[in-house]
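> okay, here's the prediction I keep looking at, along with the sequence it came from:
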Amino acid sequence: MTAEWGTERPPRRSIALPALRRPATQPSAGVSAKPSSAEVAAAGRAAVTRAVEYRGGTVREVRNGRRTELLVQTPTGRRRVRVLTRRRGDWQTSIREGANPAPRANAVWAFVDLASGATRYYVAPEPWVVNDIRREHEDYLARNGGQRAVTKDSEHHGIKTARMECWLGRWDLLGLADPEDADAG
């Protein structure tokens, strides 16, 4: 019995495929691998931990839902620190943060800038940050007819350095001072 061309399936054959190679984990010389957002976040928490310990505080990482925060102990008490880190561009968060009806009065946000050569820290009270996100988003919507200009359902919110300048180096909000400041007094 002859089958018409194309109506009969060829028999299945097992084919040995070469092993798939994974890309090298180490980049070639002169090329830097892009770290994941989790790695950037961990680097920011580590930087804040070093900065707090340098100023005489102690730090412990704690979970807050899906987020990892820092619990900072200083001579003036204990505070929660939320860390946002950037390597370039703006700090990234969500407009949902601006909808927080009860920001923690004793919590601060540490904005870590790894993009500017020397690490810079902007330490701001959580109630101020929440209000700033809400106000900036409301202003943005007012400029765009009550809705996002491009992606209508997006909850993304970028925070530019200019909005944070007044909080540069404000370790005093955690009850900490720069050791150089203490020596000068």
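Received the coordinates, thanks.

> neighbouring strands for the longest strand along the chain, and are they parallel or not?
If each strand of the chain is counted by residues according to DSSP state E, the longest one is strand 77-86. Take DSSP bridges as the rule and strand 77-86 pairs in its sheet with strand 67-74 (antiparallel), strand 107-113 (parallel).

> can you name the element that comes right after the shortest one?
Next in sequence after strand 107-113, counting helices and strands by DSSP states H and E, comes strand 120-125.

> what is the mean pLDDT for that next one?
In this model, strand 120-125 has a mean pLDDT of 96.

> repeat for stretch 139-148
For stretch 139-148, the per-residue pLDDT averages 73.

> what's the longest strand of the chain in contact with?
With CB atoms under 8 Å, 6 or more residues apart in numbering as the test, strand 77-86 has contacts from 40-41, 43-45, 47-48, 62, 64, 67, 69-72, 91-93, 104, 106-115, 126, 159, 174-175. C-betas here are computed from N, CA, C, even on glycine.

> could you point out which element follows it?
Following strand 77-86 in sequence order, the next helix or strand is strand 91-94 (DSSP H and E).

> what's that next one packed up against?
On a contact count with 3 or more CB pairs under 8 Å, 6 or more residues apart in numbering; DSSP states H and E, strand 91-94 meets strand 77-86, strand 156-159.
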